[in-house]
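Colleague: I would like to see how this sequence folds:
(chains A and B)
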2 protein chains.
Amino acid sequence: MATMKVHGAIYSTASQKVFACLYEKELNFELVSIDMRAGAHKKKPFISLNPFGQVPAFEDGDLTLFESRAINLYIAHAYADKGTQLVYDGKKMATVSVWMQVEGHQFDPVASKLVWELSVKPILGMTTDAAVVEQKEAKMGQVLDIYEARLGQSKYLGGDDFTLADLHHLPCIQMLMGTQVKRLFDSRPHVSTLCADILARPAWLKLAAMQVNK
Amino acid sequence: MATMKVHGAIYSTASQKVFACLYEKELNFELVSIDMRAGAHKKKPFISLNPFGQVPAFEDGDLTLFESRAINLYIAHAYADKGTQLVYDGKKMATVSVWMQVEGHQFDPVASKLVWELSVKPILGMTTDAAVVEQKEAKMGQVLDIYEARLGQSKYLGGDDFTLADLHHLPCIQMLMGTQVKRLFDSRPHVSTLCADILARPAWLKLAAMQVNK
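Modeller: From the prediction side, this is the model:
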């Protein structure tokens, strides 16, 4: 079997979602680095893989995919017998799907904006917009209040097992733990426990090593 | 088997996604109307079904779900033997998943904003923001250019068959067809053909009747 390819960047949170999934599944893959600072994701040949010009794109033999959450659903189903089980069937999967949607539509829009303002802008020499940060922190607090209640009922967001619903939160949580937003996670006991648990997963630590060894 | 319940509103595009799916699957359901103008979706008892306070929520026996796209994935899988096949397996489903994500992350954020500015605000007696409309129309044009290229390769967005990837576009497309944005769909031949096809589906027409008979 040919090695799977991820066309992405190790500092891209969307690409990191896919790397984390592949490490959980103990699958070998080749990283094709896309130089986003040079705008390579907006040009050929990358846009022949994803016409929306966003990393990552993914190849497994003759199958080409994009959108990180769709890529991970494919990997989790196609390689069900490898590594960590990340998806389930029936009603259990229905609840995992709900929390995958929550990540995509409730958590990520707020978290990504905070990552941009507090982590990326300083690196690029741009000025953080304090008003945006204040507004998004308030929204993040509301989302995490709901997570706190949820995690009083089940160990992980999607149920009693670690699934893609948790995994997809990892890249933004990792970034935000290096910012003032950390206090919003730390002040909520169940959320804090979840973060400590998933950030310490061997597959996630491999990804941190990948970044160090770049 | 107890009848499934949708807690939602017939004028809510997210609720409409679920109604359209249930009609495609030829399943009976009970609509529990949530009075959004009175803010019922932000209060008990609704927030015990969806803590994020957004319609729809869904019940099937002892299973409670929210997030329309997750609800529909559950319905499509759990009632695979009823009505229209809306999901598939393996690589075919992987491509459907990509285009479901495209709907959620590329199309819907733009389409929902245009629906708000051009359809909802006038009803509420609010003033449409022309600058927002101009910006979002430009973005919608870019998205539909990619759809036009995609639909030159396959009859539907997710492949050769109608799937949830197409179905999830229906509510916003229906609304936008009553606005100036219609020209953006009409001017792209493959997009226009797709719209005519899916808007004429019997399940979707049932939903229109449901609105008339309210």
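Colleague: could you check the pLDDT of A:Val212?
Modeller: pLDDT for A:Val212: 64.
Colleague: residues from chain A in reach of chain B?
Modeller: A:51-52, A:63, A:65-67, A:69-70, A:73-74, A:77-78, A:90-91, A:93-95, A:97-98, A:100-102, A:104-106, A:146, A:149-150 (CB under 8 Å from any CB of the partner chain). The way it works is simple: take the backbone N, C-alpha and C, and place the C-beta from them, glycine included.
Colleague: just the buried ones among those residues, please.
Modeller: Buried subset of those (neighbour count, 16 or more other CB atoms under 10 Å in any protein chain shown): A:51-52, A:65-67, A:69-70, A:73-74, A:78, A:91, A:93-95, A:97-98, A:100-102, A:104-106, A:146, A:150.
Colleague: could you list which of the residues you listed belong to strands?
Modeller: Members of those lying in strands (criterion: DSSP state E): A:65-66.
Colleague: okay, strands next: where are they in chain A?
Modeller: A:4-8, A:29-33, A:57-60, A:63-66.
Colleague: against A:Ala111, how distant is the nearest residue to A:Pro202 once chain neighbours are set aside?
Modeller: Excluding its sequence neighbours, the residue lying closest to A:Pro202 (CB to CB, 6 or more residues apart in numbering or on different chains) is A:Tyr23, at 8.0 Å. With distances taken as CB to CB, to the nearest Å, A:Tyr23 is found 21 Å from A:Ala111.
Colleague: got it, and A:Arg150?
Modeller: Per CB to CB, A:Arg150 is found 16 Å from A:Ala111.
Colleague: make JSON lines out of the strands of chain A and add distance to B:Leu118.
Modeller: Formatted as JSON lines, the strands of chain A follow (distance: least, CB to CB, whole Å):
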{"stretch": "strand A:4-8", "distance to B:Leu118": "36"}
{"stretch": "strand A:29-33", "distance to B:Leu118": "41"}
{"stretch": "strand A:57-60", "distance to B:Leu118": "34"}
{"stretch": "strand A:63-66", "distance to B:Leu118": "30"}
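Colleague: need the ones you listed in a markdown table with mean pLDDT, can you?
Modeller: A markdown table is the format used below for the strands of chain A (pLDDT from 0 to 100):
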| stretch | mean pLDDT |
| --- | --- |
| strand A:4-8 | 98 |
| strand A:29-33 | 96 |
| strand A:57-60 | 98 |
| strand A:63-66 | 98 |
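Colleague: looking at those strands, which is nearest to B:His41?
Modeller: With respect to B:His41, and counting by CB to CB, the nearest of the strands of chain A is strand A:63-66 at 33.1 Å.
Colleague: the closest one pairs with which strands?
Modeller: Using DSSP bridges, strand A:63-66 pairs in its sheet with strand A:57-60 (antiparallel).
Colleague: residues in contact with the partner strand?
Modeller: Residues from elsewhere that reach strand A:57-60 (CB atoms under 8 Å, 6 or more residues apart in numbering or on different chains): A:2, A:4-8, A:18, A:46, A:49-50, A:64-66, A:71, A:74, A:78.
Colleague: what do you get if the cut-off is 6 Å, keeping everything else the same?
Modeller: For strand A:57-60, the external contacting residues (CB atoms under 6 Å, 6 or more residues apart in numbering or on different chains) are A:4-7, A:49-50, A:65-66, A:71.
Colleague: from the chain's centroid, how far away is that strand?
Modeller: Distance of strand A:57-60 from the chain centroid (CA atoms, centre = their mean, to the nearest Å) equals 17 Å.
Colleague: tell me the buried residues in that strand?
Modeller: Judged by neighbour count using 16+ other CB under 10 Å, the buried positions of strand A:57-60 are A:57-60.
Colleague: one more: stretch A:110-120?
Modeller: For stretch A:110-120, the buried set under the neighbour-count rule, 16+ other CB under 10 Å, comprises A:110-119.
Colleague: closest one to chain B out of the residues you listed, please.
Modeller: If you rank the buried residues of stretch A:110-120 by distance to chain B using CB to the nearest CB, A:Ser112 comes first, at 11.1 Å.
Colleague: how about the closest one: what's its closest non-neighbour residue?
Modeller: Nearest non-adjacent residue to A:Ser112, counting by CB to CB, 6+ apart: A:Cys172, 6.4 Å away.
Colleague: surely the one you found touches A:Lys113?
Modeller: No - A:Cys172 is beyond contact range of A:Lys113, at 10.0 Å (criterion: CB atoms under 6 Å).
Colleague: mutual contacts of those two, please.
Modeller: With CB under 6 Å, 6+ apart applied, the contact sets of A:Cys172 and A:Lys113 do not overlap.
Colleague: packing partners for the lengthiest helix in chain A?
Modeller: The longest helix of chain A (DSSP state H) is helix A:130-150. Here helix A:130-150 touches helix A:108-115, helix A:182-186, helix A:189-199, going by 3 or more CB pairs under 6 Å, 6 or more residues apart in numbering or on different chains; DSSP states H and E.
Colleague: with just CA atoms, put it into PDB.
Modeller: Extracted in PDB, the C-alpha atoms of helix A:130-150 (Å, rounded to 0.1, in the frame of the first residue of the first chain):
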ATOM      1  CA  ALA A 130      -8.000  44.000  22.600                       C
ATOM      2  CA  ALA A 131     -11.700  44.500  21.900                       C
ATOM      3  CA  VAL A 132     -11.900  41.400  19.800                       C
ATOM      4  CA  VAL A 133     -10.100  39.400  22.400                       C
ATOM      5  CA  GLU A 134     -12.500  40.600  25.100                       C
ATOM      6  CA  GLN A 135     -15.500  39.700  23.100                       C
ATOM      7  CA  LYS A 136     -14.200  36.300  22.000                       C
ATOM      8  CA  GLU A 137     -13.100  35.500  25.600                       C
ATOM      9  CA  ALA A 138     -16.600  36.200  26.900                       C
ATOM     10  CA  LYS A 139     -18.000  33.900  24.200                       C
ATOM     11  CA  MET A 140     -15.400  31.200  24.900                       C
ATOM     12  CA  GLY A 141     -16.400  31.300  28.600                       C
ATOM     13  CA  GLN A 142     -20.000  30.600  27.600                       C
ATOM     14  CA  VAL A 143     -18.900  27.600  25.400                       C
ATOM     15  CA  LEU A 144     -16.700  26.200  28.200                       C
ATOM     16  CA  ASP A 145     -19.500  26.600  30.700                       C
ATOM     17  CA  ILE A 146     -21.500  24.200  28.600                       C
ATOM     18  CA  TYR A 147     -18.500  21.900  28.200                       C
ATOM     19  CA  GLU A 148     -18.100  21.900  32.000                       C
ATOM     20  CA  ALA A 149     -21.700  20.700  32.500                       C
ATOM     21  CA  ARG A 150     -21.300  18.100  29.700                       C
END
